[in-house]
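J.: Requesting a structural model of the entry that follows:
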Amino acid sequence: MKPNDHNPSVEHLVACVPLDVGDTLRIVDPHLVLVHVAQGRVWITEECAPDDVMLAAGRWFRLARPGAAVVEALAPAVLLLTSPRADHYAREFVTTSRAPLSVARKHPRARERDALSG
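T.: Alright, predicted model coming up:
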């Protein structure tokens, strides 16, 4: 497997995002980011998409369009964001929430192991 290849059956945790009612999360250029609603209800709109998506707890949606996607909390929500890519999964994450955005970061030793196994 080449370093930039990915195993389609593996999902990497990208972020855990708590949102209050009305808070938004803007994801710029998501690359197959999966939005899983662990708690609450959200409304998702993607740039140039013909339809928006509403999700309740336990449901998910894969962001596959270039451009920006916006997720708005219709009820207090917790989102788990995953991607088949370990890095370069989005250009930017911006939230209006006051809660901290927990973006997953690879431990330096994990990067070393990746380099050695590649």
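J.: Tell me if I'm right that P18 and R98 touch.
T.: No. Using C-beta atoms under 8 Å, P18 is not in contact with R98, being 9.4 Å away. Glycine gets a C-beta too; all of them are placed from N, C-alpha and C.
J.: neighbour count winner among these two?
T.: A side-by-side neighbour count of P18 and R98, using other C-beta atoms under 10 Å, places P18 first with 20 against 8.
J.: Backbone dihedrals for that one, please?
T.: Main-chain dihedrals, P18, degrees, to the nearest 10: phi -90, psi 140.
J.: Likewise for V14?
T.: Torsion angles, degrees, to the nearest 10, at V14: phi -100, psi -50.
J.: how far away is the residue positioned nearest the centre of the chain from D20?
T.: For the chain, the residue nearest the mean C-alpha position is L81 (3.2 Å; C-alpha atoms, centre = their mean). With the distance defined as C-beta to C-beta, to the nearest Å, L81 ends up 17 Å from D20.
J.: Please identify the pairing partners of the host helix or strand of the residue nearest to the centre of the chain and their relative orientation?
T.: Secondary-structure element containing L81, defined by DSSP states H and E: strand 77-83. Using DSSP bridges, the strands paired with strand 77-83 are strand 12-19 (antiparallel), strand 33-39 (antiparallel).
J.: Just the mean pLDDT for that strand, thanks.
T.: In this model, strand 77-83 has a mean pLDDT of 94.
J.: and what of stretch 60-68?
T.: Rounded mean pLDDT across stretch 60-68 is 92.
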